[in-house]
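1. Sequence and computational prediction follow.
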Amino acid sequence: MKKSWWMLGVSAILSVGLLVGCGGDDADQLVSFEIPTEGELGSAIAFPKGSELVEPFNQTLNELIESEEMDELVLKWFAGEVEETDAATEETEPTDAETTLVMGTSADYPPYESVDLATGEIIGFDIDIAKYITEELGYGLQIEDMDFNALIPAMESGRVDFVLAGMTPTEERKENVDFSDVYYEATNLIVSKESANLSSLEDLEGLKVGVQLGSIQEEEADELAEEYGFEVVKLNRIPEIMQELQAGRIDAVLMEDTVAEGHLAQ
(Lines give C-alpha, C1' and ligand atoms only; values in the text may rest on other atoms or scores of the structure.)
Protein backbone atom coordinates (compact mmCIF):
# COMPACT_ATOMS: atom_id res chain seq x y z
CA MET A 1 0.00 0.00 0.00
CA LYS A 2 1.40 3.39 -0.97
CA LYS A 3 2.19 5.99 1.62
CA SER A 4 -0.51 8.57 2.15
CA TRP A 5 1.61 11.67 2.85
CA TRP A 6 1.64 12.78 -0.76
CA MET A 7 -2.16 12.61 -0.93
CA LEU A 8 -2.42 15.24 1.78
CA GLY A 9 -0.63 17.95 -0.19
CA VAL A 10 1.67 20.48 1.32
CA SER A 11 -1.00 21.57 3.82
CA ALA A 12 0.03 18.59 5.95
CA ILE A 13 3.44 20.18 6.39
CA LEU A 14 3.00 23.91 5.91
CA SER A 15 0.21 26.18 7.02
CA VAL A 16 -0.91 28.10 3.96
CA GLY A 17 -3.07 31.14 4.56
CA LEU A 18 -0.84 34.12 5.23
CA LEU A 19 2.07 34.56 2.85
CA VAL A 20 4.62 37.28 3.40
CA GLY A 21 5.51 39.29 0.30
CA CYS A 22 9.07 39.86 -0.78
CA GLY A 23 8.94 43.62 -1.32
CA GLY A 24 10.26 44.75 2.08
CA ASP A 25 8.66 45.96 5.30
CA ASP A 26 6.39 48.44 3.54
CA ALA A 27 5.08 45.87 1.07
CA ASP A 28 1.45 44.84 1.33
CA GLN A 29 1.24 41.37 2.78
CA LEU A 30 -0.07 38.56 0.62
CA VAL A 31 -2.94 36.38 1.76
CA SER A 32 -4.60 33.37 0.20
CA PHE A 33 -7.73 31.29 0.23
CA GLU A 34 -8.24 27.79 -1.11
CA ILE A 35 -10.59 27.17 -3.99
CA PRO A 36 -12.42 23.92 -4.77
CA THR A 37 -10.94 21.86 -7.58
CA GLU A 38 -12.82 19.27 -9.61
CA GLY A 39 -10.90 16.08 -10.26
CA GLU A 40 -7.34 15.24 -9.25
CA LEU A 41 -4.79 18.02 -8.83
CA GLY A 42 -1.40 16.37 -8.61
CA SER A 43 1.98 16.06 -10.26
CA ALA A 44 3.14 13.22 -12.52
CA ILE A 45 6.00 12.53 -14.91
CA ALA A 46 5.04 13.01 -18.57
CA PHE A 47 6.36 11.01 -21.54
CA PRO A 48 5.81 10.94 -25.31
CA LYS A 49 3.01 8.60 -26.30
CA GLY A 50 4.20 5.01 -26.31
CA SER A 51 7.54 5.75 -24.62
CA GLU A 52 9.40 2.70 -23.32
CA LEU A 53 10.46 4.77 -20.32
CA VAL A 54 7.00 4.83 -18.73
CA GLU A 55 7.07 1.40 -17.06
CA PRO A 56 10.62 1.48 -15.59
CA PHE A 57 10.25 5.11 -14.50
CA ASN A 58 6.91 4.39 -12.86
CA GLN A 59 8.24 1.35 -11.03
CA THR A 60 11.26 3.27 -9.74
CA LEU A 61 9.09 6.25 -8.81
CA ASN A 62 6.83 4.07 -6.70
CA GLU A 63 9.84 2.48 -5.01
CA LEU A 64 11.00 6.02 -4.16
CA ILE A 65 7.54 6.98 -2.84
CA GLU A 66 7.64 4.00 -0.47
CA SER A 67 11.13 4.83 0.77
CA GLU A 68 12.49 7.07 3.51
CA GLU A 69 14.32 9.04 0.82
CA MET A 70 11.01 10.42 -0.46
CA ASP A 71 10.07 11.44 3.07
CA GLU A 72 13.36 13.32 3.27
CA LEU A 73 12.81 15.03 -0.08
CA VAL A 74 9.35 16.20 0.99
CA LEU A 75 10.72 17.61 4.23
CA LYS A 76 13.62 19.23 2.41
CA TRP A 77 11.64 21.03 -0.27
CA PHE A 78 8.40 21.70 1.58
CA ALA A 79 9.75 22.26 5.10
CA GLY A 80 13.47 22.87 4.61
CA GLU A 81 14.60 20.14 7.01
CA VAL A 82 17.17 18.19 4.97
CA GLU A 83 20.70 19.37 4.19
CA GLU A 84 21.89 19.95 0.63
CA THR A 85 24.30 17.02 1.03
CA ASP A 86 21.41 14.53 0.89
CA ALA A 87 22.45 11.66 -1.37
CA ALA A 88 19.41 12.05 -3.61
CA THR A 89 20.64 15.47 -4.76
CA GLU A 90 24.28 14.66 -5.49
CA GLU A 91 25.40 14.93 -9.10
CA THR A 92 26.73 11.75 -10.69
CA GLU A 93 29.00 11.75 -13.70
CA PRO A 94 27.54 9.58 -16.50
CA THR A 95 29.79 6.81 -17.77
CA ASP A 96 30.51 6.21 -21.44
CA ALA A 97 28.10 3.28 -21.36
CA GLU A 98 25.17 5.36 -20.17
CA THR A 99 22.47 6.84 -22.36
CA THR A 100 21.75 10.44 -21.44
CA LEU A 101 18.07 11.33 -21.20
CA VAL A 102 16.88 14.88 -21.79
CA MET A 103 14.36 16.13 -19.26
CA GLY A 104 12.19 19.14 -19.97
CA THR A 105 11.16 21.46 -17.16
CA SER A 106 10.08 25.03 -16.49
CA ALA A 107 12.41 26.31 -13.78
CA ASP A 108 10.11 28.99 -12.38
CA TYR A 109 8.06 26.76 -10.12
CA PRO A 110 9.64 26.42 -6.69
CA PRO A 111 9.78 24.18 -4.76
CA TYR A 112 9.35 21.81 -7.73
CA GLU A 113 12.05 23.47 -9.87
CA SER A 114 13.81 26.82 -9.86
CA VAL A 115 17.19 28.34 -10.64
CA ASP A 116 19.63 28.73 -7.75
CA LEU A 117 20.71 32.35 -8.17
CA ALA A 118 24.04 31.67 -6.47
CA THR A 119 25.11 28.84 -8.77
CA GLY A 120 22.83 29.04 -11.82
CA GLU A 121 21.92 25.39 -11.22
CA ILE A 122 18.34 24.15 -11.64
CA ILE A 123 17.25 22.69 -8.32
CA GLY A 124 14.06 21.44 -6.70
CA PHE A 125 11.84 18.54 -5.68
CA ASP A 126 11.31 17.38 -9.27
CA ILE A 127 15.02 17.65 -10.03
CA ASP A 128 15.91 15.39 -7.12
CA ILE A 129 13.27 12.89 -8.21
CA ALA A 130 14.66 12.88 -11.77
CA LYS A 131 18.22 12.40 -10.52
CA TYR A 132 17.15 9.51 -8.30
CA ILE A 133 15.22 7.68 -11.05
CA THR A 134 17.78 8.13 -13.82
CA GLU A 135 20.64 7.10 -11.54
CA GLU A 136 18.75 3.99 -10.40
CA LEU A 137 18.03 3.05 -14.03
CA GLY A 138 21.58 3.75 -15.23
CA TYR A 139 20.92 6.83 -17.35
CA GLY A 140 22.69 10.14 -17.52
CA LEU A 141 20.53 13.24 -17.15
CA GLN A 142 20.43 16.51 -19.08
CA ILE A 143 17.92 19.19 -18.03
CA GLU A 144 16.43 21.65 -20.51
CA ASP A 145 14.61 24.71 -19.17
CA MET A 146 11.75 26.21 -21.21
CA ASP A 147 8.36 27.86 -20.84
CA PHE A 148 5.74 25.53 -19.37
CA ASN A 149 3.51 25.73 -22.43
CA ALA A 150 6.44 24.53 -24.61
CA LEU A 151 7.01 21.29 -22.67
CA ILE A 152 4.48 19.02 -24.38
CA PRO A 153 5.40 20.25 -27.89
CA ALA A 154 9.05 19.58 -27.01
CA MET A 155 8.18 15.96 -26.17
CA GLU A 156 6.07 15.56 -29.28
CA SER A 157 8.93 16.82 -31.45
CA GLY A 158 11.49 14.53 -29.76
CA ARG A 159 13.54 17.35 -28.21
CA VAL A 160 13.09 15.94 -24.70
CA ASP A 161 12.60 12.36 -23.48
CA PHE A 162 10.35 13.17 -20.53
CA VAL A 163 9.00 16.09 -18.52
CA LEU A 164 9.13 16.69 -14.78
CA ALA A 165 7.56 20.06 -14.04
CA GLY A 166 4.76 19.71 -11.52
CA MET A 167 2.48 18.70 -14.40
CA THR A 168 -1.05 17.49 -13.69
CA PRO A 169 -2.23 14.51 -15.81
CA THR A 170 -5.49 15.92 -17.16
CA GLU A 171 -7.66 13.98 -19.60
CA GLU A 172 -6.85 16.51 -22.32
CA ARG A 173 -3.10 16.07 -21.83
CA LYS A 174 -3.46 12.29 -21.77
CA GLU A 175 -4.62 12.47 -25.38
CA ASN A 176 -1.12 13.57 -26.39
CA VAL A 177 1.26 12.19 -23.74
CA ASP A 178 1.57 9.29 -21.28
CA PHE A 179 1.91 9.84 -17.53
CA SER A 180 3.37 8.07 -14.53
CA ASP A 181 1.39 7.67 -11.34
CA VAL A 182 0.81 10.88 -9.39
CA TYR A 183 3.68 11.46 -6.96
CA TYR A 184 2.40 14.57 -5.15
CA GLU A 185 -1.02 16.14 -4.63
CA ALA A 186 -1.80 19.75 -3.85
CA THR A 187 -4.55 22.37 -3.88
CA ASN A 188 -5.16 25.62 -5.72
CA LEU A 189 -5.15 29.02 -4.05
CA ILE A 190 -6.15 32.55 -4.88
CA VAL A 191 -3.29 34.78 -3.74
CA SER A 192 -3.79 38.53 -3.38
CA LYS A 193 -2.64 41.55 -1.42
CA GLU A 194 -4.17 41.75 2.03
CA SER A 195 -5.49 45.24 1.30
CA ALA A 196 -7.65 43.86 -1.53
CA ASN A 197 -9.88 42.13 1.04
CA LEU A 198 -10.50 39.09 -1.15
CA SER A 199 -11.81 36.00 0.63
CA SER A 200 -14.09 34.25 -1.87
CA LEU A 201 -14.46 33.68 -5.60
CA GLU A 202 -17.40 36.09 -5.62
CA ASP A 203 -14.98 38.88 -4.62
CA LEU A 204 -13.10 38.47 -7.92
CA GLU A 205 -15.89 39.91 -10.07
CA GLY A 206 -14.51 42.64 -12.35
CA LEU A 207 -10.90 42.02 -11.28
CA LYS A 208 -7.79 40.71 -13.10
CA VAL A 209 -6.47 37.28 -12.08
CA GLY A 210 -3.05 36.13 -13.24
CA VAL A 211 -2.25 32.56 -14.22
CA GLN A 212 0.59 30.64 -15.88
CA LEU A 213 0.11 29.97 -19.57
CA GLY A 214 -0.31 26.27 -20.35
CA SER A 215 -0.87 25.26 -16.72
CA ILE A 216 -3.80 23.39 -15.21
CA GLN A 217 -4.55 26.64 -13.38
CA GLU A 218 -5.09 28.39 -16.74
CA GLU A 219 -7.85 25.96 -17.63
CA GLU A 220 -9.47 26.32 -14.22
CA ALA A 221 -9.22 30.12 -14.33
CA ASP A 222 -10.96 30.23 -17.71
CA GLU A 223 -13.84 28.16 -16.33
CA LEU A 224 -14.13 30.16 -13.12
CA ALA A 225 -13.96 33.47 -15.01
CA GLU A 226 -17.14 32.63 -16.88
CA GLU A 227 -18.96 31.98 -13.62
CA TYR A 228 -17.49 34.73 -11.45
CA GLY A 229 -16.89 37.49 -14.00
CA PHE A 230 -13.17 38.21 -13.71
CA GLU A 231 -10.53 38.74 -16.42
CA VAL A 232 -7.79 36.11 -16.82
CA VAL A 233 -4.29 37.47 -17.46
CA LYS A 234 -1.98 34.77 -18.86
CA LEU A 235 1.81 34.98 -18.60
CA ASN A 236 4.62 32.49 -19.26
CA ARG A 237 6.49 32.56 -15.96
CA ILE A 238 5.46 32.61 -12.31
CA PRO A 239 7.94 35.41 -11.40
CA GLU A 240 6.32 37.62 -14.07
CA ILE A 241 2.91 36.96 -12.56
CA MET A 242 4.07 37.78 -9.04
CA GLN A 243 5.70 40.99 -10.27
CA GLU A 244 2.42 42.00 -11.90
CA LEU A 245 0.63 41.36 -8.60
CA GLN A 246 3.14 43.35 -6.55
CA ALA A 247 2.97 46.21 -9.07
CA GLY A 248 -0.83 46.29 -8.89
CA ARG A 249 -1.36 45.50 -12.57
CA ILE A 250 -3.33 42.40 -11.61
CA ASP A 251 -5.45 41.87 -8.51
CA ALA A 252 -4.85 38.20 -7.70
CA VAL A 253 -3.10 35.03 -8.83
CA LEU A 254 -4.52 31.52 -9.17
CA MET A 255 -1.68 29.16 -8.30
CA GLU A 256 -0.80 25.92 -6.54
CA ASP A 257 -0.30 26.11 -2.78
CA THR A 258 3.18 24.58 -2.83
CA VAL A 259 4.32 27.03 -5.50
CA ALA A 260 2.90 29.98 -3.59
CA GLU A 261 4.92 29.02 -0.52
CA GLY A 262 8.07 28.09 -2.44
CA HIS A 263 8.18 31.23 -4.57
CA LEU A 264 7.68 33.64 -1.70
CA ALA A 265 10.21 31.82 0.45
CA GLN A 266 13.05 32.67 -1.96
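-> In hand now; what should we look at?
2. helices and strands of this structure: which one bottoms out on pLDDT?
-> In the chain, the helix or strand scored least confidently by mean pLDDT, DSSP states H and E is strand 18-19, which has a mean of 42.
3. So Glu171 versus Val182, what's the distance?
-> Distance, Glu171 to Val182, using C-beta to C-beta, to the nearest Å: 14 Å. Every residue, glycine included, has its C-beta placed from N, CA and C.
4. Out of the two, name the residue with the larger neighbour count.
-> Val182 (18 against 7; other C-beta atoms under 10 Å).
5. and the more buried one, helix, strand or coil?
-> In three-state terms, and counting by DSSP: H, G, I helix; E, B strand; the rest coil, Val182 is coil.
6. Next, give phi and psi for the residue lying closest to it once chain neighbours are set aside.
-> Among residues not flanking Val182 along the chain, Gly42 sits closest, at 3.8 Å (C-beta to C-beta, 6 or more residues apart in numbering). Torsion angles at Gly42 (phi, psi; degrees, to the nearest 10) stand at phi -160, psi 170.
7. Surely Gly42 touches Phe179?
-> No. Checked against C-beta atoms under 8 Å, the pair Gly42 and Phe179 is beyond contact range at 10.1 Å.
8. which residues do the two both contact?
-> The contact sets of Gly42 and Phe179 overlap at Pro169 (C-beta atoms under 8 Å, 6 or more residues apart in numbering).
9. so Val74 sits in a strand?
-> No. Val74 is assigned helix when assessed by three-state DSSP, not a strand.
10. Please report the confidence value the model assigns to it.
-> On pLDDT, Val74 comes in at 88.
11. now do the one 10 residues further on
-> Reading off the confidence values, Glu84 has pLDDT 46.
12. One more: Ile13?
-> 40.
13. So for this protein, the centremost residue is which one?
-> For the chain, the residue nearest the mean C-alpha position is Gly166 (3.4 Å; C-alpha atoms, centre = their mean).
14. Run me through the strand neighbours of the helix or strand harbouring it, direction for each.
-> Applying DSSP states H and E as the criterion places Gly166 in strand 162-167. Strand pairing for strand 162-167, using DSSP bridges, gives strand 42-48 (antiparallel), strand 100-105 (parallel).
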